[in-house]
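Trainee: Predicted model follows, preceded by the sequence.
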Amino acid sequence: MLLVDDQDLVRSGLRRILRPRDGFEVVAECVDGDQVLDALAEHEVDVLVLDLRMKRVSGIEVLRLLADRPEAPPALVLTTFDDDELLSAALRAGAAGFMLKDSPAEDLIRGVEVVAAGGSWLDPLVTGRVLAAYRDAPRAAATASAEQELLTTREREVLVAVARGRSNSEIAVELVISELTVKSHVGRIFAKLGLRDRSAVIVWAYDHGLVRPGG
């Protein structure tokens, strides 16, 4: 795990919560976004815990840099600000999830676990507003209906599971199919709906009423 935050106290608090005895290992820390690429080149990292507001290079800029690197680890972004536009920008930039810094420790632990496993985590306290800020102009109902018709029943099941934050391995267990089959379904969902990542799948599912905040 790589911690990226410009406040020493915040990083110290994260280390105390994300302890080795609970299965976490902090392999490196960065005090600003301009250190992230070097840290990733030096260490094997399976998840980033990333602050959004930093002095030199913001978390959003880090996410944009990582978007061009297919081997880059997923990122759970943290913010002390109830800033819908900032968090929606993080989703657009490819964040696997977001969480407010004053969230309970157990939520942080679960969020990191889910994102590290390939899932998505959206803080339910702000999910509705963040998704509203993320969306483009509303599309016609006929177009939305036609999009849903592109998916098979199994693909819709996988899409809903992705939108609920399940990793591929969890979806495989839930639907009693292989993880390779899940990956194939996810790839077809991306292609059919014109989506580029799991965050976009989440927004699509919320927009079409397949899942709801807290549901």
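Mentor: Perfect, I can see it now.
Trainee: so what's Leu100 bridging to?
Mentor: With beta bridges defined as DSSP bridges, Leu100 has these partners: Thr79.
Trainee: how many other residues sit next to it?
Mentor: Number of residues near Leu100 (other CB atoms under 10 Å) recorded here: 17. Backbone N, C-alpha and C define where each C-beta goes, glycine included.
Trainee: correct me, but it touches Pro124?
Mentor: No - look at Leu100 against Pro124 with CB atoms under 8 Å: they stay out of range, at 10.4 Å.
Trainee: Please parse the protein into its domains.
Mentor: 2-133, 139-207 (automatic domain parsing).
Trainee: Please state the offset of the first one from the chain centre?
Mentor: Right, domain 2-133. 9 Å (CA atoms, centre = their mean, to the nearest Å).
Trainee: swap in the last one?
Mentor: The offset between the C-alpha centroid of domain 139-207 and the centroid of the whole chain comes to 15 Å, using CA atoms, centre = their mean.
Trainee: Next SSE downstream of the lowest-mean-pLDDT helix or strand in the chain?
Mentor: Scoring the helices and strands of the chain by mean pLDDT, DSSP states H and E places helix 141-149 at the bottom, with a mean of 53. Where DSSP states H and E defines the elements, the next helix or strand beyond helix 141-149 is helix 153-163.
Trainee: in the helix or strand just after that following helix, what's buried?
Mentor: Going down the chain from helix 153-163, the next helix or strand is helix 168-175, by DSSP H and E. Using 16 or more other CB atoms under 10 Å as the test for burial, helix 168-175 gives 168, 170-172, 175.
Trainee: Adding pLDDT, write those residues out as TSV.
Mentor: Shown next, in TSV, are the buried residues of helix 168-175 (pLDDT from 0 to 100):
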residue	pLDDT
Asn168	88
Glu170	89
Ile171	91
Ala172	93
Leu175	94
